[in-house]
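Colleague: no sequence on this one, just coordinates:
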């Protein structure tokens, strides 16, 4: 499941039903798990090699822009592209998926710590910190937008030219999961506003009914609450009375 040339961990085994690894489907869910397991289990030359390849490949990947983006976008030099696909939502509208940028900031900090504390590789650690700072700067400059009801919130996507997609998806990484990932505090004012937006009908992926309420996804039918959004709502809640669903496990369930 690991590309020997780039160190990328593929995440598409048997997706097409033919038993083969689908190398055209690239997601980032497996990267941290693979590196963390390598550090813990092997301590390891193989893990160092993967980290080196990821470090070398990441800046190049940032220049790969499959979505249309005018050259004048300042975000191009600061954030990292999420190709044409945005988690479970399907086709990306603006290319820069904000939850993935947040996750990248956290993972690059982990990578810097691994380089510095486990291997004493100061130059590599500094490179990871520099890239982290660039992406964090891009988030500070491009990722927020003033909402008329909820105040300053994080957008789900942006193109760095003033266009934003305002929503959140139940899949991870998500805006709702930002404190769980370690990007921000659950009391962060922008996150509090964003959470209030996500868990309201202003979020086009939110649904509620007589038996359930929560975040769904544009790729599920309207009115469906996606079960993996419910525990994340609880894990990031500061109010113990945040609410619950039916207690049954489903791919998704209708709110009514």
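Modeller: Received, thanks. Please read these numbers as outputs of a predicted model, since none were measured by experiment.
Colleague: list the residues that contact residue 238.
Modeller: 186, 187 (CB atoms under 8 Å, 6 or more residues apart in numbering). No exception for glycine: its C-beta is placed from N, CA and C like everyone else's.
Colleague: helix, strand or coil: sort out it for me.
Modeller: Under DSSP: H, G, I helix; E, B strand; the rest coil, residue 238 falls in the coil class.
Colleague: mind checking the SS state of residue 225?
Modeller: Residue 225 ends up strand, using three-state DSSP.
Colleague: and for it, the neighbour number?
Modeller: 27 (other CB atoms under 10 Å).
Colleague: can you pull the phi/psi pair for the residue lying closest to it once chain neighbours are set aside?
Modeller: Spatial nearest neighbour of residue 225, chain neighbours left out: residue 214 (4.2 Å); criterion: CB to CB, 6 or more residues apart in numbering. Here the main-chain torsion angles of residue 214 (degrees, to the nearest 10) amount to phi 160, psi -170.
Colleague: in the helix or strand in which residue 138 is found, what's buried?
Modeller: Using DSSP states H and E, residue 138 sits within helix 122-142. Neighbour-count burial for helix 122-142, counted by 16 or more other CB atoms under 10 Å, picks out 124-125, 127-129, 131-132, 134-136, 138-139, 142.
Colleague: how near is the residue nearest to residue 225 to residue 103?
Modeller: 21 Å (CB to CB, to the nearest Å).
Colleague: and for residue 180?
Modeller: Taking CB to CB, one finds residue 180 at 11 Å from residue 103.
Colleague: please apply the same query to residue 225.
Modeller: Distance from residue 225 to residue 103, by CB to CB: 23 Å.
Colleague: same thing with residue 197?
Modeller: Taking CB to CB, one finds residue 197 at 20 Å from residue 103.
Colleague: and if you look at residue 113?
Modeller: 16 Å.
Colleague: ok, residue 221 next?
Modeller: Counting by CB to CB, the gap from residue 221 to residue 103 is 28 Å.
Colleague: who has more neighbours out of those two?
Modeller: residue 103 (23 against 10).
Colleague: tell me the contacts of residue 197?
Modeller: With CB under 8 Å, 6+ apart, residue 197 has these contacts: 147, 149, 150, 153, 166, 168, 203.
Colleague: got the buried residues for the helix or strand hosting the fourth one?
Modeller: Counting by DSSP H and E, the element that carries residue 153 is strand 151-154. Buried residues in strand 151-154, counting neighbours by 16+ other CB under 10 Å, are found at 153, 154.
Colleague: who touches that strand?
Modeller: Applying CB under 8 Å, 6+ apart, the contact partners of strand 151-154 are 98, 143-147, 166, 175, 178, 189-191, 193-194, 197.
Colleague: which members of the residues you listed are classed as buried?
Modeller: 98, 143, 144, 147, 166, 175, 178, 191, 193, 194, 197.
Colleague: and the closest residue in space to the fifth one that isn't next to it in sequence, how far from residue 163?
Modeller: In this case it means residue 166. Counting by CB to CB, 6+ apart, the nearest residue to residue 166 once its immediate chain neighbours are dropped is residue 155, at 5.8 Å. Distance, residue 155 to residue 163, using CB to CB: 9 Å.
Colleague: which one of those two has more residues nearby?
Modeller: Neighbours around residue 155 and residue 163, counted as other CB under 10 Å, are more numerous at residue 155. The numbers are 22 against 12.
Colleague: contacts only, for the more buried one.
Modeller: Contacts of residue 155 by CB under 8 Å, 6+ apart are 98, 143, 144, 145, 164, 165, 166.
Colleague: which residue ranges of the stretch 101-250 of the chain form strands?
Modeller: 144-147, 151-154, 157-158, 164-165, 206-208, 213-215, 224-226 (DSSP state E, counting those that start in this stretch).
Colleague: that older thread, quick one: which two of the contacts of residue 197 are the most distant?
Modeller: Within the contacts of residue 197, two members stand farthest from each other by CB to CB: 149 and 168, at 15.3 Å.
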